[in-house]
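1. no sequence on hand, only this structure:
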Ligand SMILES: [Zn+2]
């Protein structure tokens, strides 16, 4: 799953320009280059990220470095976004996080997911939200400041809920989005709206998308964990929810179909390939397999 482990984010260093400079000048420090959201990956039996030395970065000005954190060995890891596409570092090729995320080890996955989320935010927020002027990077890449009005802008994370709904027979509700390939099924999901609790978002999204009413008892919506999902900037909050009533009526817009699956039905469908569930990189699969009780065969993943 994404976001398995992280560096020490060392937030105190971000506001210490001298220490930032010292880490950037340290040949032991490491830099992860990002090219339009893609990562430099050495393919093979055990794919891994290629990290280079700050000295290898010719084009990056000091203001364009982003401190991801410090490793167990005390070495700093920076992220630098390429302004223009260039060759990937020797031996590696540019690869999307969706493609490689599940194959990376815990440390690389943690670095990659943070780097991609931060890079996505910088790429899509170059201007001040107040006055429209171009902003500049500050605090080790974790803030953008407006030189005009002094306002500060912080990386954005959008909370979303993702939930496996279970009925009284302990069947699982899975949906098929209209834009997906035939046979792809997953848990329901949706964004938390302003002023809404995550639990209320679970109930609202399930009702809107499937017509199923989730129980009103606090125990009917149980939080099970979260996962950063930087496509482009979500934090997925995972739940199991208990259905109280309702008949499946899909909205026909987002969801084309929703179905109740017993464990036997889902195992049979995953085994013969008529149904495929999301890849092990996703919290959706964790929620499904937590209900099922053990790993299931087959998967799908968007490119
Ligand atoms: Zn401004």
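-> Good, I have the coordinates. Computed from a prediction, not measured in an experiment: that's the story for all the values here. Numbering: from 1, shown residues only.
2. can you mark which positions in stretch 283-290 are buried?
-> 283-288 (16 or more other Cβ atoms under 10 Å). For the C-beta atoms, the positions are set from N, CA and C on the backbone; glycine is no exception.
3. for stretch 123-134, same thing?
-> The neighbour-count check on stretch 123-134 (16+ other Cβ under 10 Å) flags 125, 128 as buried.
4. quick one: residues contacting the nearest residue to residue 207 once chain neighbours are set aside.
-> Leaving out its chain neighbours, the residue that sits closest to residue 207 by Cβ to Cβ, 6 or more residues apart in numbering is residue 213, at 6.0 Å. Taking Cβ atoms under 8 Å, 6 or more residues apart in numbering, we find residue 213 in contact with 203, 206-207, 243-246.
5. just the ones of those in strands?
-> Using DSSP state E, 243-245 are the members of the contacts of residue 213 that sit in strands.
6. for those, which single residue is the most surrounded?
-> Highest neighbour count within those, by other Cβ atoms under 10 Å: residue 243, with 20 neighbours.
7. I'd say it and residue 167 touch.
-> Yes: counting by Cβ atoms under 8 Å, residue 167 is a contact partner of residue 243 at 4.6 Å.
8. which residues are in contact with each of those two?
-> Both residue 243 and residue 167 are contacted by residue 173, under the criterion Cβ under 8 Å, 6+ apart.
9. part of a strand, is residue 170?
-> No: Residue 170 is assigned coil when assessed by DSSP: H, G, I helix; E, B strand; the rest coil, not a strand.
10. okay, now it: neighbour count?
-> Neighbours of residue 170 (other Cβ under 10 Å): 10.
11. which residues touch it?
-> Applying Cβ under 8 Å, 6+ apart, we find residue 170 in contact with 263, 291.
12. was I right to think residue 43 contacts residue 94?
-> No: the criterion here is Cβ under 8 Å, and residue 43 misses it with residue 94 at 11.3 Å.
13. the more surrounded of these two?
-> Per other Cβ under 10 Å, whichever of residue 43 and residue 94 has more neighbours is residue 94, with 19 against 13.
14. in terms of helices and strands, where is the more buried one?
-> In the assignment (DSSP states H and E), residue 94 maps to strand 93-95.
15. following that strand, which helix or strand comes up?
-> Immediately after strand 93-95, counting by DSSP H and E, sits helix 97-100.
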